[in-house]
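1. Give me coordinates for this.
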Amino acid sequence: MSRLEVRDLVVGYEAADVLHSVSLDVPDGALLAIVGPSGCGKTTLLRTIAGLVRARAGEIRIGQRMVTTHGIHLAPEKRRIGWVPQDAALFPHLTVAENVAFGLPSARGSARSARRAARGADVRRLLDLVGLGALGDRLPAQLSGGQAQRVALVRALASAPDVVLLDEPFGALDPILRAELRTSVRELLREEGVTGILVTHDQAEALSIADLVAVMRGGEVLQLDTPEQVYRRPATPWVAGFVGDAVFLPGTWHGDEVACTLGRLPADWVSDDQTSTSLADVPVDGAPVEVLVRPEELTLSPLADGESGRRREAGESRDEFAATVVDISYTGHDAMLTLVAGELRLRARVTAAGLLPVGSRVGVRVAGRVLAYSARA
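-> All right, here's what the predicted structure looks like:
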């Protein structure tokens, strides 16, 4: 069992704390992605789990073993943790097979032992897992960036770790190779049944391959949930803006609707207290709120010259308003349109087939339910 539990972890350097009461719970065999701005503590958290940094307070448990708690700091080499750094960090004087063999328990971290073990079945099996079985005799300098990262991954897996920590392992790769490699890594971790922790600056990467996503800011975990929940029901407006494109509008709460410049929209309330389900947390009618709308929730329809948007009619659930397309950010499979309606400026995501030229007048409606948060001061 390789369940990872972190409880109320506090880590600091000199007088300043870098991590503030951080807690994580990663099930056996799951992949957790940690995202957040630079300096939020992502790498410090990874290094503390690995045992490279001592915690001031809190606990870290891997499976049934307590590796960090008051008075206990298990050495990194005894934690059964694999590490995959951003730059692969292969030994330049060892071949690919010898680099992988270096991670085997039988090699005991010795280059001489690694050379003896390099021809073994365990090394061949690991290299075959990542499609590098024919490259065992090459030196790291003869590998591409993606090949080097694959070697770093299987070297980390060679020691049969309970947990593998991946610190921005795809950051230096081109987009196509990055997408291919992250899919391969996810499949390999699943096949091996290893729990993984991925630190990344790429929110799309985290949402696409992880079982769980932790969003950090200022040394704290603001939300830990499935990718779908983090995107569709972010815990705070800041999380919403960090993990995707977002439009925030002032509004007022009315039962299960909000009134804002987009009309009167069905809404779900997101409490400031994520642990509470009390109806007392729902605002009173007329209370000011902040409304979140994702660009893909705006549906567009062309308007004829002189035609204006329509108010809701019998059987319809919401208003339509008129806007003008003033800018296009085209990405191939879809596009982001910037819309202006009076003083209101919005962004709408459309498919390539639904692309409209700059200057087009469109009717805009909001699809689905929006989210409402406490109005920020």
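2. use CA for all of it now, contacts and neighbours both
-> OK.
3. Could you check how many residues crowd around residue 174?
-> Using other Cα atoms under 10 Å, residue 174 has 11 neighbouring residues.
4. Got phi/psi on it?
-> phi -70, psi 160 (degrees, to the nearest 10).
5. Residue 13 now?
-> Per degrees, to the nearest 10, the backbone of residue 13 is at phi -120, psi 120.
6. Can you name the residues bridging to residue 257?
-> Assessed by DSSP bridges, residue 257 has beta-bridge partners residue 254, residue 266.
7. Can you name the residues that contact it?
-> 264, 265, 266, 267, 268 (Cα atoms under 8 Å, 6 or more residues apart in numbering).
8. Quick check, the second one in contact with residue 371.
-> No: using Cα atoms under 8 Å as the test, residue 265 is too far from residue 371 to be in contact (9.7 Å).
9. Let's verify the residue nearest the centre of the chain: helix, strand, or coil?
-> The residue lying closest to the centre of the chain (Cα atoms, centre = their mean) is residue 206, at 2.9 Å. Under DSSP: H, G, I helix; E, B strand; the rest coil, the three-state class of residue 206 is helix.
10. And the helices in the stretch 151-300 of the chain?
-> With DSSP state H, counting those that start in this stretch as the definition, the stretch 151-300 of the chain shows helices at residue ranges 175-192, 203-209, 227-232, 237-243.
11. Quick one: list the elements packing against the shortest one.
-> Using 3 or more Cα pairs under 8 Å, 6 or more residues apart in numbering; DSSP states H and E as the contact definition, the elements that helix 227-232 packs against are helix 203-209, strand 212-217, helix 237-243.
12. hmm, who's touching the last one?
-> This means helix 237-243. With Cα under 8 Å, 6+ apart, helix 237-243 has contacts from 36, 203-204, 215, 222-223, 230-231, 233-234, 246, 292, 373.
13. Ok, the shortest one next?
-> Outside of strand 212-217, the residues that reach it under the criterion Cα under 8 Å, 6+ apart are 26, 30-37, 40-42, 206-207, 221-227, 230, 239.
14. Just the residues you listed: which are in strands?
-> Among those, the members falling in strands (DSSP state E) are 26, 31, 32, 33, 34, 35, 221, 222, 223, 224, 225.
15. among the residues you listed, which two are most distant?
-> The span of those, defined through Cα to Cα, is set by 31 and 222 at 18.2 Å.
16. Turn the buried ones among the contacts of helix 237-243 into a named PyMOL selection, would you?
-> Only the buried entries of these go into this PyMOL selection, using 16 or more other Cα atoms under 10 Å:
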select buried, resi 36+203+215+222+223+230+231+233+234+246+292+373
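17. Which members of the contacts of helix 237-243 define the maximum pairwise distance?
-> The largest distance within the contacts of helix 237-243, taken as Cα to Cα, falls between 204 and 373 and amounts to 23.9 Å.
18. angle of whichever strand or helix holds residue 21 against strand 212-217?
-> Using DSSP states H and E, residue 21 sits within strand 16-26. Per axes from the mean of the first three to the mean of the last three Cα atoms, to 10 degrees, the angle that strand 16-26 makes with strand 212-217 is 170 degrees.
19. Could you check the angle strand 16-26 makes with strand 220-225?
-> Using the same axes, to 10 degrees: strand 16-26 against strand 220-225 is 10 degrees.
20. Each with direction, which strands does strand 16-26 pair with?
-> Sheet pairing for strand 16-26, using DSSP bridges, gives strand 4-13 (antiparallel).
21. Would you mark the buried spots in stretch 62-80?
-> Using 16+ other Cα under 10 Å as the test for burial, stretch 62-80 gives 62, 63, 67, 68, 69, 73, 74, 76, 79, 80.
22. Turn those into JSON lines, columns for distance to residue 2.
-> Below are these laid out as JSON lines (distance: Cα to Cα, whole Å):
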{"residue": "62", "distance to residue 2": "6"}
{"residue": "63", "distance to residue 2": "4"}
{"residue": "67", "distance to residue 2": "12"}
{"residue": "68", "distance to residue 2": "15"}
{"residue": "69", "distance to residue 2": "18"}
{"residue": "73", "distance to residue 2": "18"}
{"residue": "74", "distance to residue 2": "16"}
{"residue": "76", "distance to residue 2": "16"}
{"residue": "79", "distance to residue 2": "11"}
{"residue": "80", "distance to residue 2": "10"}
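23. helices or strands up against the helix-or-strand element of the chain with minimal mean pLDDT?
-> Lowest by mean pLDDT, DSSP states H and E among the helices and strands of the chain is helix 111-117, with a mean of 70. Identification of packing neighbours for helix 111-117 by 3+ Cα pairs under 8 Å, 6+ apart yields helix 96-102.
24. Could you point out which residue ranges in the stretch 51-200 of the chain have low pLDDT?
-> The stretch 51-200 of the chain contains residues with pLDDT under 70 at 106-111, 117.
25. would you list every one of the strands in it?
-> 57-62, 65-69, 72-73, 81-84, 163-167, 195-199 (DSSP state E, counting those that start in this stretch).
26. Residue 153: which of these is closest?
-> Going by Cα to Cα, the one of those nearest residue 153 is strand 81-84, 5.9 Å.
27. quick one on the thing from earlier: among the contacts of residue 257, who's most crowded?
-> Ranking the contacts of residue 257 using other Cα under 10 Å puts residue 265 first, with 24 neighbours.
28. before we move on, back to that, can you list the helices and strands packed on helix 227-232 in JSON lines and add mean pLDDT?
-> Formatted as JSON lines, these follow (pLDDT from 0 to 100):
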{"stretch": "helix 203-209", "mean pLDDT": "90"}
{"stretch": "strand 212-217", "mean pLDDT": "97"}
{"stretch": "helix 237-243", "mean pLDDT": "95"}
